[in-house]
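S.K.: With the sequence up front, the predicted model follows.
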Amino acid sequence: MCEILVKLKDGTDPKGIRTGDVIDIRPDGQRWGRLECEPVFSVVLLPKMPAADLSWAMESWLNSDRSTYRERLWKWDFENRQFIRKSDGLVRSCRL
Amino acid sequence: MPTIIPKDIKPDGTGDYLTLNSWDAAEAADLVSLDQIRKAVVYSGGNALSGALVMWAGWTCDATRYPWIAAADGHAHVGYWDTSKAYALTASGAPYCVGITKGAHIDGMQIQSTDLQGTIISGGLSPLVMRRCIIRSFGNNATCVMMPNWWGVCSGNVFENCILIAEAANGTPRGIWVNGALEATARNCTIYISRNDAGSGAYVLSAEAGGVLTSQNNYLAIGGNAINVACYYASGGTINKGANDATFNAEATTPALRNIAYSAANFLDVTPGSENLHLTTGSALRGVGANLSATFTDDIDGETRPSLPAPWAIGADEPSNVYDADFSDGSVGGDTTTSSMLYSGDVVEGAEGADSAPLPLGQLLADMVDQGIVSDPVLPAGDYSGLVVDGISFVEQGSEDSYTPGNWVDGGIFGDFFSAPTSGHVYVHSFKIYPTMTKVWARPVMTVTVGRPETRVTV
């Protein structure tokens, strides 16, 4: 079981961290910082998902112009509780 | 003046954010419009990163309004890599780098990339300023600082009092690599790079075409095996070599500063992975650097470097040593000091003084030596015109009722001690016994304010 820290809103820079980007992954029960909460972040509990198995969720999106290293390749879909790969729409479900 | 907005980064969850990544994601802003400096104050207790920190998008900054990452007071490293202090680390497999920064100021941090090149990657329209940092890079093409011109160019990038270590299994290791039209200055840095397979080169300071890199008071070294091209100043652009740079090979501008070994003779520990690059007592880097006190006055440990005109040490560490000296046996000359040379910040400690004769309460003593408490510390004959001893103070003392070795009473003795010797003696003035004391014991300490490399003290 793990918890992920997900950004809740886009920044002002379109090349920056986006809504749904995962910022941190921790074993469940993590004590998060005072400001790691709404309205900037949401902590999502993923039952039966070990933190070590989710490192791909924080991969950067490496565009050829080097301008989007900061944005994540995967986006957390709050409604359907799944990850969506931004480059091709591939879905990884976390309905566990 | 910009407003400083501090946030605490505490790995135990008791601060504002767990990691710099969260801080970056939440705090990135147009600092120029806001007229702010946003500061991440990093505490020890764990890794300050959850992954590669890539902080250029979202930040708008200039030379006076910027993101600032600094170890909290008491949580900064003490001159060597130590994970019990504030640090930022990406493990093997992390994407590309630990920190991609645009205009950040970084103080007192330990930052390491364990895999792939580029512990620090910086460039853009605002300068990066790194002070008192330990930057390590491991893996292929290990590079401590890479400054490409991908996102724009600027001048005023500074690396000061930093230790940079790049140890590459293969590929091309680099210390500081400046690309076209960027300008940077490295001052009092200790930079060691190495590689261990045959192949291309190893470059300590590198400036590509159009890039400008100015070097002052740096120690540069290359180690490892089978390096085809070992280049200390690699320039397709401009490298301004410092007259007070020292090199492991013969590339230093000043002949006397060439061929200074990266070895235990000059540094406390050069064991790969556990380096402690504080200078040894006999290090050839002591007292041979330019005095840059008009620009900055500290070292990697935050200790004060000498003021003018005293020379500095080369590299990140300005040594401050404690020498044992027996001030109490009454002899003149010939007693032991563990080192032959004194520098600013050095401390000469005497042994505990003899038990004084009973003293009248509140007695003002014109000369401590006359009371037999300590003997007169004596300098050998010589020219001391550049030496100022700012005082003899007593770090341990006691009264008759409380005397127990190691259990001293603070504040029992006070006075006005100073001397500016131009001949052989350091004198003590205005010595007074605290009114409640009937006997005193004292261990004198002489602190050197401005030292000279040729200064020798025998007591």
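M.R.: Cool, got the structure.

S.K.: which residue does chain A bring closest to chain B?
M.R.: Chain B sits closest to A:Arg31 of chain A, with a gap of 3.1 Å, by Cβ to the nearest Cβ. Glycine gets a C-beta too; all of them are placed from N, C-alpha and C.

S.K.: To what extent is B:Leu292 buried, counted in neighbours?
M.R.: Neighbours of B:Leu292 under the rule other Cβ atoms under 10 Å in any protein chain shown: 18.

S.K.: show me the residues around it that make contact.
M.R.: Each residue near B:Leu292 by Cβ atoms under 8 Å, 6 or more residues apart in numbering or on different chains is listed here: B:187-188, B:216-217, B:312.

S.K.: how far away is it from B:Val145?
M.R.: As judged by Cβ to Cβ, to the nearest Å, B:Leu292 and B:Val145 stand 20 Å apart.

S.K.: where in the chain is pLDDT low?
M.R.: All of this is about chain A. For chain A, the stretches with pLDDT under 70 are A:62-70, A:95-96.

S.K.: oops, I was thinking of chain B
M.R.: Low-confidence segments of chain B (pLDDT under 70): B:56, B:91-101, B:115-117, B:198-199, B:226-228, B:320-459.

S.K.: before we move on, back to that, let me know the closest of the contacts of B:Leu292 to chain A.
M.R.: Within these, proximity to chain A (Cβ to the nearest Cβ) peaks at B:Arg187, which comes in at 29.3 Å.

S.K.: is it fair to say B:Asp24 lies in a strand?
M.R.: No: per DSSP: H, G, I helix; E, B strand; the rest coil, B:Asp24 lies outside any strand segment and is helix.

S.K.: for it, what are its contacts?
M.R.: Contact analysis of B:Asp24 by Cβ under 8 Å, 6+ apart lists A:17, B:53, B:55, B:58, B:67.

S.K.: What about these, which one has the most neighbours?
M.R.: Highest neighbour count within the contacts of B:Asp24: B:Pro67, with 27 neighbours (other Cβ under 10 Å).

S.K.: you'd agree that residue is up against B:Ala29?
M.R.: No: using Cβ atoms under 8 Å, B:Pro67 makes no contact with B:Ala29, being 9.2 Å away.

S.K.: ok, back up a step: ok, the residue of chain A closest to chain B - contacts?
M.R.: By Cβ under 8 Å, 6+ apart, the contact set of A:Arg31 is B:12-14.

S.K.: SS state for it?
M.R.: Three-state call for A:Arg31 (three-state DSSP): coil.

S.K.: again, but for the one 5 residues further on
M.R.: Of the three states, A:Glu36 takes coil under three-state DSSP.

S.K.: neighbours around it, how many?
M.R.: By other Cβ under 10 Å, 25 other residues sit near A:Glu36.

S.K.: Now do the same for the residue of the stretch 151-300 of chain B found nearest chain A: helix, strand or coil?
M.R.: Proximity of the stretch 151-300 of chain B to chain A (Cβ to the nearest Cβ) peaks at B:Trp151, 7.7 Å away. In three-state terms, and counting by three-state DSSP, B:Trp151 is coil.

S.K.: Pull the contacting residues for the nearest residue to it once chain neighbours are set aside.
M.R.: Counting by Cβ to Cβ, 6 or more residues apart in numbering or on different chains, B:Trp151 lies nearest to B:Gly124, which is 4.4 Å off, once chain neighbours are set aside. Contact analysis of B:Gly124 by Cβ under 8 Å, 6+ apart lists B:56, B:102-103, B:151-154.

S.K.: now A:Ile17
M.R.: A:7, A:10-11, A:23, A:70-72, B:24-25, B:28, B:57-58.

S.K.: Put the buried members of those into a ChimeraX selection.
M.R.: This is the ChimeraX syntax for the buried subset of the contacts of A:Ile17, where burial follows 16 or more other Cβ atoms under 10 Å in any protein chain shown:
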select /A:7,11,23,70,71,72 /B:24,25,28,57,58
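
S.K.: Tell me the residues of chain A that contact chain B?
M.R.: Neighbours of chain B within chain A, by Cβ under 8 Å from any Cβ of the partner chain: A:5, A:7, A:11-13, A:15-17, A:21, A:23-26, A:30-36, A:40-41, A:55, A:58-60, A:62, A:66-71.

S.K.: Just these: which are in strands?
M.R.: If you go by DSSP state E, these have A:5, A:7, A:23-26, A:41 in strands.

S.K.: ok, and the most crowded of those?
M.R.: Of all these, the highest neighbour tally under other Cβ under 10 Å goes to A:Leu5, namely 27 neighbours.

S.K.: Against A:Val43, how distant is the residue minimising distance to the centre of chain A?
M.R.: In chain A, the centroid-proximal residue (Cα atoms, centre = their mean) is A:Val22; its distance is 1.9 Å. With distances taken as Cβ to Cβ, A:Val22 is found 11 Å from A:Val43.

S.K.: joint contacts of those two?
M.R.: By Cβ under 8 Å, 6+ apart, A:Val22 and A:Val43 have these common neighbours: A:4-6.

S.K.: could the residues you listed go into a markdown table alongside distance to B:Ala261?
M.R.: Shown next, in a markdown table, are the shared contacts of A:Val22 and A:Val43 (distance: Cβ to Cβ, whole Å):
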| residue | distance to B:Ala261 |
| --- | --- |
| A:Ile4 | 50 |
| A:Leu5 | 48 |
| A:Val6 | 52 |
